[in-house]
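A.B. asks: Mind folding the following:
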Amino acid sequence: MLITETTLARLAGERSYARGVAYFESGAVAELDEARERIRARVVGGEEYDVVIRAERGALAHSCTCPVGESGEFCKHAVAAGLAWLASREGGDDESTPDSGDAVRRHLESMDKRALVSLILSLAEDDAELRGRLESRALGGAAKADIAAIKALIRKALAVHGFVDYRGMRRLVARAHSVLELLGDLVRRGNAGTAAEAAEYALRLGLSSYENTDDSGGGFGEALRQLAAVHLDARKRAPGDSAALAKTLFELFLRDHWGFFRFEDYAPLLGAPGLARFRKLAETAWAKVPARTPDDRRSGFDIGHFKISSLMEAIARWDGDIERLIEIKGRDLTTAHAFLGIAEILDQAGRADEALAWAGRGHEAFRDEQHEPLLDYLVSAYARCGRDADALALAWDRFRRWPGLGAYQRLKKCAGRGKDWPAWRAKALAQIREVSVRESRADRGSIWRLTGNSLLVEIFLWEGDADAALIEAMAGGCTEHLWLQLAQALEAGRPEEAASIYQARIEPIVARTGNRAYDEAAALIARVKSLMRRTGRERDYAAWLDVLRSRHKAKRNFIARIERLG
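C.D. replies: Got it, this is the predicted structure:
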């Protein structure tokens, strides 16, 4: 048997186990269900939490919706659930006890139909989610669709009042899925027109609610994507009046700030009259949009401007009207990306000279800002037309202003065409050292002082010179991420140095606590073990591991990971 008091105490630790015992003894486990090698429980404390404990590859896996459980720790609620399960098994043979899910199925199948209906209705009185699903199934399976009742159910399911935090999202997502079930039933029963109308109503409510939720789990967004897919399917089956559909779609598109809809999916359904109506609505809104130049870059992002611009671009692309597309994109030139977009459109149309001119204008307008994609495009465009000197000058200017690995790689690519890379490489490295010294002296908070020789280490690692990278790291330091990259590069030729670097990184990682940190630290310990074995230092490894184990003996989850290494 995997679940024992000893196992629960080991997984949770002394403090959480004691709290879990108190929760269990106070009757906090309100529900307990067992099926297919897993138990599910509802534990009531300050709030209600859902706990799942299951067998997974010969060990106990667990989850809980409380903050501690969501971080991966075996929490007091899981302890209480485990103890409740053990209590339910007292006096019985755990190997012969039947699966409770099978027992429930057999009991329900034996019940009289009226008694079963009565039972379900009584349960639904106290369970809003179950009641919503039953109402959805009833409306979806009705012989005649009642659109007013359907909309009332959708409104109850998707409308929110105030902000819905992460903990409240589970219920909202469950209600959204009941709406999806309802719409799916309507489509399957041949009521595509009603399903489409209901989906449009649901999408308006859903998009409005989405703005007032913490959907960091992504469940509600996924439900809205499925809802949009159901709507598209229903409209393919029942397009309805094209002019009315155009108006509805236009309103939905403007509400959709997250990309749940695509104009090209719906354009074939609109037909000529519907497309004409859609264009007219878009043009009317577009006429109110002011032109913006690079001087307006500080005006900030305007979601309304973005949405109508995106729609206008989609229409122009559908029509294949390049001139119109360039005109639309040229209405907002507040970013370097806008110039790049126009250049790429012209390039694809075979108008290379015009494309280069637009890219050049963008570079001049945003010369004092970082804009890697536009710069890459411009350098490549210069090279394609034989202007190698211009490409190299641009690459050097970028490197001098904002040194980085990408800028260094671009400089090498340009200088390499003229076989001048050794000289340019020496110049670039000298520039990095000069700026690093100057900046670190001038400002103690400088990025150069905070990251040491990180850029030089990064460059030498990219060039495959781990020895040079190690010298720079030892002399001036680098970021933790680069230390780990450096150690990996040193493993083959200098295993002792690699092991030392890994050992120095482990303590800070363990100090972060939590299962993710412990997993990361255990992976590095495994590397240290392998490297020290290669160099015949098994005793040194054992001694070091004993010190590490002693120092962190209170961190049971970390110690358990060490023990698994053998």
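A.B. asks: host element of Arg106?
C.D. replies: helix 100-110 (DSSP states H and E).
A.B. asks: if I read this right, Glu313 contacts Ile328, doesn't it?
C.D. replies: Yes - using C-beta atoms under 8 Å, Glu313 makes contact with Ile328 at a distance of 5.5 Å. Placement of C-beta: from N, CA and C, glycine included.
A.B. asks: Is Val528 in contact with Asp540, as I believe?
C.D. replies: No - the pair Val528 / Asp540 is not scored as a contact, 10.0 Å apart, by C-beta under 8 Å.
A.B. asks: Compare the two (neighbour count), which wins?
C.D. replies: Val528 (25 against 13; other C-beta atoms under 10 Å).
A.B. asks: Next, work out how far apart that one and Arg277 are.
C.D. replies: Distance, Val528 to Arg277, by C-beta to C-beta, to the nearest Å: 69 Å.
A.B. asks: Could you confirm Leu269 falls within a helix?
C.D. replies: Yes - Leu269 sits within a helix when classified using DSSP: H, G, I helix; E, B strand; the rest coil.
A.B. asks: do you know how far the closest residue to it other than its chain neighbours is from Arg54?
C.D. replies: Excluding its sequence neighbours, the residue lying closest to Leu269 (C-beta to C-beta, 6 or more residues apart in numbering) is Pro239, at 5.0 Å. As judged by C-beta to C-beta, Pro239 and Arg54 stand 47 Å apart.
A.B. asks: next one: His77
C.D. replies: 15 Å.
A.B. asks: who's more crowded, these two?
C.D. replies: His77 (30 against 15).
A.B. asks: helices and strands around the strand or helix carrying Glu327, which ones?
C.D. replies: For Glu327, the element it lies in under DSSP H and E is helix 322-329. Packed against helix 322-329 by the contact rule (3 or more C-beta pairs under 8 Å, 6 or more residues apart in numbering; DSSP states H and E) you find helix 303-319, helix 336-348.
A.B. asks: Give the rounded mean pLDDT of that helix.
C.D. replies: Mean per-residue pLDDT for helix 322-329: 96.
A.B. asks: Give me the contacts around it.
C.D. replies: Trp286, Ser309, Met312, Glu313, Ala316, Arg317, Ala338, Gly341, Ile342, Ile345, Leu346, Ala349 (C-beta atoms under 8 Å, 6 or more residues apart in numbering).
A.B. asks: Give the buried residues for that helix.
C.D. replies: By neighbour count on 16 or more other C-beta atoms under 10 Å, the buried set for helix 322-329 is Leu325, Ile326, Ile328, Lys329.
A.B. asks: Could you identify the most distant pair in those?
C.D. replies: Using C-beta to C-beta, the two most remote members of the buried residues of helix 322-329 are Ile326 and Ile328, lying 7.3 Å apart.
A.B. asks: if we look at the sheet, which residues does Leu32 bridge to?
C.D. replies: Leu32 has these beta-bridge partners by DSSP bridges: Ala41.
A.B. asks: ok, it - contacts?
C.D. replies: Contacts of Leu32 by C-beta under 8 Å, 6+ apart are Ile39, Arg40, Ala41, Ala81, Ala84, Trp85, Ser88.
A.B. asks: Report how many residues lie close to Leu270.
C.D. replies: 21.
A.B. asks: returning to what we had before: now, of the contacts of helix 322-329, which are buried?
C.D. replies: The buried subset of the contacts of helix 322-329 (16+ other C-beta under 10 Å) comprises Trp286, Ser309, Met312, Glu313, Ala316, Arg317, Ala338, Gly341, Ile342, Ile345, Leu346.
A.B. asks: which among those residues gets closest to Met532?
C.D. replies: Gly341 (54.0 Å).
A.B. asks: so where is this protein shaky, pLDDT-wise?
C.D. replies: 1, 36, 46, 90-104, 124, 126-130, 140-143, 417-418, 438-450 (pLDDT under 70).
A.B. asks: how does it divide into domains?
C.D. replies: 5-91, 140-238, 495-566 (automatic domain parsing).
A.B. asks: quick one: strands adjacent to the longest strand seen in the chain?
C.D. replies: As assigned by DSSP state E, the longest strand anywhere in the chain is strand 48-56. Using DSSP bridges, the strands paired with strand 48-56 in its sheet are strand 38-44 (antiparallel), strand 59-64 (antiparallel).
A.B. asks: Can you tell me which of those is nearest to Trp258?
C.D. replies: Taking the strands paired with strand 48-56 one by one with C-beta to C-beta, strand 59-64 is closest: 27.9 Å.
A.B. asks: Skip the chain neighbours and tell me the closest residue to Leu311.
C.D. replies: Using C-beta to C-beta, 6+ apart, the nearest residue to Leu311 is Ala282, at 5.3 Å.
A.B. asks: Kindly export the helix or strand hosting that neighbour (C-alpha atoms) in CSV.
C.D. replies: Using DSSP H and E, Ala282 maps to helix 263-286. What follows is helix 263-286 as a C-alpha-only set of coordinates in CSV (Å, rounded to 0.1, in the frame of the first residue of the first chain):
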residue,chain,number,x,y,z
PHE,A,263,-11.0,37.6,-41.0
GLU,A,264,-9.9,35.2,-43.7
ASP,A,265,-11.8,32.4,-42.1
TYR,A,266,-15.1,34.3,-42.4
ALA,A,267,-14.6,36.2,-45.7
PRO,A,268,-15.8,33.2,-47.8
LEU,A,269,-19.0,33.1,-45.8
LEU,A,270,-19.9,36.7,-46.4
GLY,A,271,-20.1,36.7,-50.2
ALA,A,272,-19.9,39.9,-52.2
PRO,A,273,-22.8,41.7,-50.4
GLY,A,274,-21.5,40.8,-47.0
LEU,A,275,-17.9,41.8,-47.9
ALA,A,276,-19.1,45.1,-49.2
ARG,A,277,-21.0,45.8,-46.0
PHE,A,278,-18.0,44.8,-43.9
ARG,A,279,-15.7,47.0,-45.9
LYS,A,280,-18.0,50.0,-45.5
LEU,A,281,-18.2,49.5,-41.7
ALA,A,282,-14.4,49.2,-41.6
GLU,A,283,-13.8,52.3,-43.8
THR,A,284,-16.1,54.4,-41.7
ALA,A,285,-14.1,53.5,-38.6
TRP,A,286,-10.8,53.9,-40.4
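A.B. asks: what inclination does that helix have with respect to helix 303-319?
C.D. replies: 120 degrees (axes from the mean of the first three to the mean of the last three C-alpha atoms, to 10 degrees).
A.B. asks: rewinding a little: of the contacts of Leu32, grab the buried ones for PyMOL.
C.D. replies: Applying 16+ other C-beta under 10 Å to those, the buried members can be selected in PyMOL as follows:
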select buried, resi 39+40+41+81+84+85
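A.B. asks: Tell me which two of the contacts of Leu32 sit farthest apart.
C.D. replies: Arg40 and Ser88 (13.0 Å).
A.B. asks: follow-up on the earlier one: how far does the helix holding Glu327 sit from its chain's centre?
C.D. replies: 33 Å (C-alpha atoms, centre = their mean, to the nearest Å).
A.B. asks: likewise stretch 326-346?
C.D. replies: Distance, centroid of stretch 326-346 to centroid of chain: 29 Å (C-alpha atoms, centre = their mean).
A.B. asks: Span of it from start to end?
C.D. replies: 8 Å (C-alpha to C-alpha, to the nearest Å).
A.B. asks: Packing partners of the helix or strand harbouring Arg170?
C.D. replies: Counting by DSSP H and E, the element that carries Arg170 is helix 169-188. Where contact means 3+ C-beta pairs under 8 Å, 6+ apart, helix 169-188 is packed against helix 128-140, helix 147-158, helix 192-210, helix 219-237.
A.B. asks: Mind checking these for the one nearest to Leu429?
C.D. replies: helix 219-237 (46.8 Å).
A.B. asks: What lies in contact with that closest one?
C.D. replies: 169-170, 172-173, 176-177, 179-180, 183-184, 186-187, 192-193, 195-196, 199-200, 202-203, 206-207, 209-210, 213, 215, 245, 258, 260-261, 265-266, 269.
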